[in-house]
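Peer 1: Kindly return the folded structure for what I paste below:
(4 chains)
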Number of protein chains: 2
Amino acid sequence: MTKPSRPPTITEVALAAGVDRSSVSRAFSRPDLLRAETVAAIRAAADRLGYAPNRNARALSTGRHGNIALIVPDIADLAFPPLIRAAQLEAYRAGLCMFIGSSEEDPQLEERLVAQFSGQVDGVLLASPRLPAEAIKAIAAQKPVVLINRDITGLSRVLVDASAALDAAVAHLAELGHRRIAYVGGPPDSWLSKTRRTALISAATLHGLRLDTVTAASGSLYDIGWTAGRDIARSPATAVLSFNDIVAQGVIAGLAANGLAVPQAISVVSCEEMPAAGASQLTTIGSRVGDAGKLAVSLLIDALDAGEPAEARHVLDAPLLVRGSTGPAAAR
Amino acid sequence: MTKPSRPPTITEVALAAGVDRSSVSRAFSRPDLLRAETVAAIRAAADRLGYAPNRNARALSTGRHGNIALIVPDIADLAFPPLIRAAQLEAYRAGLCMFIGSSEEDPQLEERLVAQFSGQVDGVLLASPRLPAEAIKAIAAQKPVVLINRDITGLSRVLVDASAALDAAVAHLAELGHRRIAYVGGPPDSWLSKTRRTALISAATLHGLRLDTVTAASGSLYDIGWTAGRDIARSPATAVLSFNDIVAQGVIAGLAANGLAVPQAISVVSCEEMPAAGASQLTTIGSRVGDAGKLAVSLLIDALDAGEPAEARHVLDAPLLVRGSTGPAAAR
DNA sequence: CTGTTAGCGCATTCAC
DNA sequence: GTGAATGCGCTAACAG
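Peer 2: Here you go, the predicted structure:
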């Protein structure tokens, strides 16, 4: 068993290759400044010794760390893992390492995480941040920040807009003959849920449908859905729009328990949060979280290259994905 | 708008407090070496200037980074976010920052991620690593490693053992009068799925039940479940054990589509992967991923403090959680 | 093109 | 107890 020997430094490589330390440095950071043969020789020596540049020392000298941070409100929320995954891949492509922080929906923790990371990252990605705008601007004044699903003027942000898709969903239901639909929201105080409801109301008005909002019981998302499903089964609604996939599963179960099959007796439209898991039978509104994550990272990288954080408001339109959970309105 | 002014350094604090730079350093790293008043004065000056020690410079000097890395095979897999969350919280408590890597199930990427991180972390957490044992041992020779759900002799590892719970599940079904049960596995080549099947076979034998393995169709986990559910509905089985929650949802839907309600007509036991999402009605085998993540971090921290990676094999027994999806065997 | 010099911010010997 | 000096590993002018 070899001892945990400290990794080789630039000095040892220089010695082995018979050049100066600075040449070794250049061979890795600016090889274009060296003769190709020199670079090759140095690289060979480095490989032989198992040398890799010490990112820390490099950061100390350049001020650039090659790291970024991504902070989400709750990593266990279904929406974020796909976002993180996509962001990760994009960061990896650029050779960046990514810190992840989960703020537990707590603004204070969020701020602490930023502080904890900030000494070792070049930029920060904030997904659905809970921090007040002022605090976020203060952070952005220190180093490049890209916001995801938070709209603050003056900052770089990427937003997923579901309003068009919600409108399309309502139109789709209207075409199928539905006249009365129900909306099952998520957690009572969810900004996202309220936003969707507002968009739905105008869409429903536009298409001449009646919209009932089913106020959520407490409990898990699944339970909220189940209870709502039961109530809806006893109502005149012939279609349901639900906050997310978990809620939708609950709704469907609640409907089934009361004798209503989807889509024969009643239609269900969900808001997708599990792209990979494959609640693949549901007509749903795509969330594009992956696209959002990827775009956010590339914007951050651009900002790092440019030196200046570029204000920009990128809007991603969510798509309506018509699948198997919607059908013609049934008589009730 | 203030310019993105570079954060204050130890030197400026020293100047402001009228002491030497080394005293400022000590005030933050070894305050016990200073007079209390001196520390207070320095701290005050530091606060006033908004000073915080530069973790990078500190790392360069001490060799300790205050960072750890956690690598998972696929962050979008339902099992990992709760694990990450728990690990995160534990790391945060110790003031550690956490890098996250998602290897996309690719051993090569996994190795690259480790290499990419290794210069700036004190230790590494590998969850269900896909790397060969030799490669992992090589990593562990460089710096402390803790394995999650991978059993390699000589290393520190935490394993969740579901065999007792699977046995309890079979016993539970036997008590309810079930005599013939079906197992719906996950992806065909899943090690986890095979392991569970093996454990189930012996449990079924022990309790005198007959076990049918439903070979999975291709497609998403949900679809696998749905197809299996349909097939099971036409079989004599009165209970189903499914690979995970997504599969279980599919199974239930597939059963329902063929006229079988859960738990009245048929019972379903799942293997939990969504602790938070609340497939809360399902009788399930808890995964304890959160506990595993938390424990793994604390083991890693111990190893860092001790200086030496401690070999240890920690086994967490998964619990059987009896909820609403199992009931007395119905006549078929 | 390549060697020389200095310094990034901090911890840590030594003296005092 | 506190100040002075040295080095962590690397990059970045500046020469040559």
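
Peer 1: CA only for contacts and neighbour counts going forward, please
Peer 2: Will do.

Peer 1: which element is the residue in the stretch 51-200 of chain A positioned nearest to DNA strand C on?
Peer 2: Relative to DNA strand C, the nearest point of the stretch 51-200 of chain A is A:S61 (3.3 Å; Cα to the nearest atom of the strand). According to DSSP states H and E, A:S61 maps onto helix A:55-62.

Peer 1: List the contacts of that helix.
Peer 2: Counting by Cα atoms under 8 Å, 6 or more residues apart in numbering or on different chains, helix A:55-62 makes contact with A:64-66, B:56-57, B:59-60, B:119-120, all of which sit outside it.

Peer 1: and the residue of the stretch 51-200 of chain A closest to DNA strand C, how many residues sit next to it?
Peer 2: Here the count is done by other Cα atoms under 10 Å in any protein chain shown, and A:S61 has 11 residues near it.

Peer 1: do you know how far it is from B:A91?
Peer 2: Using Cα to Cα, to the nearest Å, A:S61 is found at 28 Å from B:A91.

Peer 1: Sketch out the low-pLDDT regions of the stretch 201-332 of chain A for me.
Peer 2: When the per-residue scores of the stretch 201-332 of chain A are filtered using pLDDT under 70, the ranges that remain are A:216-217, A:274-280, A:332.

Peer 1: count of neighbours near the residue in it that DNA strand D sits nearest to?
Peer 2: Nearest residue of the stretch 201-332 of chain A to DNA strand D (Cα to the nearest atom of the strand) works out as A:D305 at 13.2 Å. A:D305: 10 surrounding residues under other Cα under 10 Å.

Peer 1: quick one: which helix or strand includes it?
Peer 2: Secondary structure from DSSP H and E places A:D305 in helix A:289-306.

Peer 1: Name the residues of the helix or strand following that helix that come out as buried.
Peer 2: For helix A:289-306, the succeeding helix or strand toward the C-terminus, using DSSP H and E, is strand A:312-317. Within strand A:312-317, the residues that qualify as buried are A:313-314, A:316-317, counting by 16 or more other Cα atoms under 10 Å in any protein chain shown.

Peer 1: If we go by neighbour counts, what in the helix holding A:D305 is buried?
Peer 2: When burial is assessed from 16+ other Cα under 10 Å, helix A:289-306 yields the following buried residues: A:289-301, A:303-304.

Peer 1: The spatially most central residue of chain A sits in which helix or strand?
Peer 2: Nearest to the mean C-alpha position of chain A, by Cα atoms, centre = their mean, lies A:L83 at 3.2 Å. Assignment of secondary structure by DSSP H and E places A:L83 within helix A:80-93.

Peer 1: Now do that helix, average pLDDT.
Peer 2: For helix A:80-93, the per-residue pLDDT values average out at 96.

Peer 1: Next, the angle helix A:289-306 makes with it.
Peer 2: 40 degrees (axes from the mean of the first three to the mean of the last three Cα atoms, to 10 degrees).

Peer 1: quick one on the thing from earlier: what is the most widely separated pair among the buried residues of helix A:289-306?
Peer 2: Taking Cα to Cα, the two most distant members of those are A:V289 and A:L304; they sit 22.5 Å apart.

Peer 1: Near chain B, which residues of the stretch 101-250 of chain A are found?
Peer 2: Taking Cα under 8 Å from any Cα of the partner chain, the part of the stretch 101-250 of chain A that reaches chain B is made up of A:101-102, A:116-117, A:119-120, A:141-143, A:220-223, A:246.

Peer 1: so the closest residue to chain B within the stretch 51-200 of chain A bridges to which residues?
Peer 2: With Cα to the nearest Cα, the shortest gap between the stretch 51-200 of chain A and chain B falls at A:F99, namely 4.3 Å. Per DSSP bridges, residues listed as beta-bridge partners of A:F99: A:A69, B:F99.

Peer 1: Neighbours of it, how many?
Peer 2: A total of 23 residues lie near A:F99 under the criterion other Cα under 10 Å.

Peer 1: Then the one 5 residues further on?
Peer 2: For A:E104, the number of neighbouring residues by other Cα under 10 Å comes to 17.

Peer 1: Kindly report the same for A:L33.
Peer 2: The criterion is other Cα under 10 Å. On that basis, A:L33 has 11 neighbouring residues.

Peer 1: That one reaches A:R26, doesn't it?
Peer 2: Yes. Here A:L33 lies in contact with A:R26, judged by Cα atoms under 8 Å, at a distance of 7.1 Å.
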